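Asks: Mind folding the following:
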Amino acid sequence: MKKSAAVIVAGFCLVSTAQSQETRIGFISTERVFREAAPYKAAQVKLEQEFAKRQKELQDMANRLKTAADKFDKDAPVLSESDRARRQRELSEMDRDFQRAQREFKEDLNQRRNEETASAIDKTNRVIKQIAEAEKYDIVLQEAAYVSNRIDITDKVIKALGK
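Replies: Sure, this is the predicted structure:
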């Protein structure tokens, strides 16, 4: 019984050693892919174009609010109490509208960014899988404390995403 257990353990050790010599490992720097790959750059440009008009409107709204606040500060000492209260209400309403518009802009932008990023991530994962299967990688990692250039396939992925 002891002899057969020893043979089984030795067999596992041999199989384990043989497998570790054949294992191919690849690594992807997701930060570089996000920064350099064509789908991510295209998504950024698309979002900038899509939201440029609303961003300009927000900037114009902020400028109008600042101008109105500056005018109020300048005129406040000579305004009657009722005019001062009315203008303060108007400024408060303008500020509230601006804050609401700004919040909606950020929410819409984040939602669209998440949609575009998800699409690019799906494409990236398909490309990684194609490269891994074509080059017979057993595992492809995306995060590591240290990576040898020998197993880094980030450039291949970025190049394949550019096609």
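
Asks: all helices of the protein, in order?
Replies: Under the criterion DSSP state H, helices of the chain are mapped to 2-22, 30-36, 38-75, 81-134, 154-161.

Asks: if we compare the ones you listed, which one ends up closest to Gln142?
Replies: Of all those, helix 30-36 sits nearest to Gln142, with 5.1 Å by C-beta to C-beta. All C-beta spots, glycine's among them, are computed from the backbone N, C-alpha and C.

Asks: and the spatially most central residue of the chain, what does it touch?
Replies: By C-alpha atoms, centre = their mean, the mean C-alpha position of the chain lies nearest to Thr117, the distance being 6.2 Å. Taking C-beta atoms under 8 Å, 6 or more residues apart in numbering, we find Thr117 in contact with 40, 43.

Asks: hmm, back to that, got TSV for the helices of the chain, with distance to Ser148 too?
Replies: What follows is the helices of the chain, written out as TSV (distance: least, C-beta to C-beta, whole Å):
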stretch	distance to Ser148
helix 2-22	16
helix 30-36	16
helix 38-75	25
helix 81-134	17
helix 154-161	13
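
Asks: Put together JSON lines for these, with distance to Val140 and mean pLDDT on each row.
Replies: Converted to JSON lines, the helices of the chain look like this (distance: least, C-beta to C-beta, whole Å; pLDDT from 0 to 100):
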{"stretch": "helix 2-22", "distance to Val140": "16", "mean pLDDT": "48"}
{"stretch": "helix 30-36", "distance to Val140": "11", "mean pLDDT": "93"}
{"stretch": "helix 38-75", "distance to Val140": "18", "mean pLDDT": "94"}
{"stretch": "helix 81-134", "distance to Val140": "5", "mean pLDDT": "95"}
{"stretch": "helix 154-161", "distance to Val140": "9", "mean pLDDT": "92"}
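
Asks: Could you say which of those is packed most deeply?
Replies: helix 154-161 (a mean of 18; mean count of other C-beta atoms under 10 Å).

Asks: ok, and what's touching that one?
Replies: Against helix 154-161 from outside (C-beta under 8 Å, 6+ apart): 27-29, 32-33, 36-39, 123-124, 127-128, 130-131.

Asks: Let's see that with 10 Å instead.
Replies: Helix 154-161 is contacted from outside by 26-33, 35-42, 120, 123-128, 130-132, 134-135, 140, 142, 147, 149, 153, using C-beta atoms under 10 Å, 6 or more residues apart in numbering.

Asks: how far out from the middle of the chain is that helix?
Replies: 18 Å (C-alpha atoms, centre = their mean, to the nearest Å).
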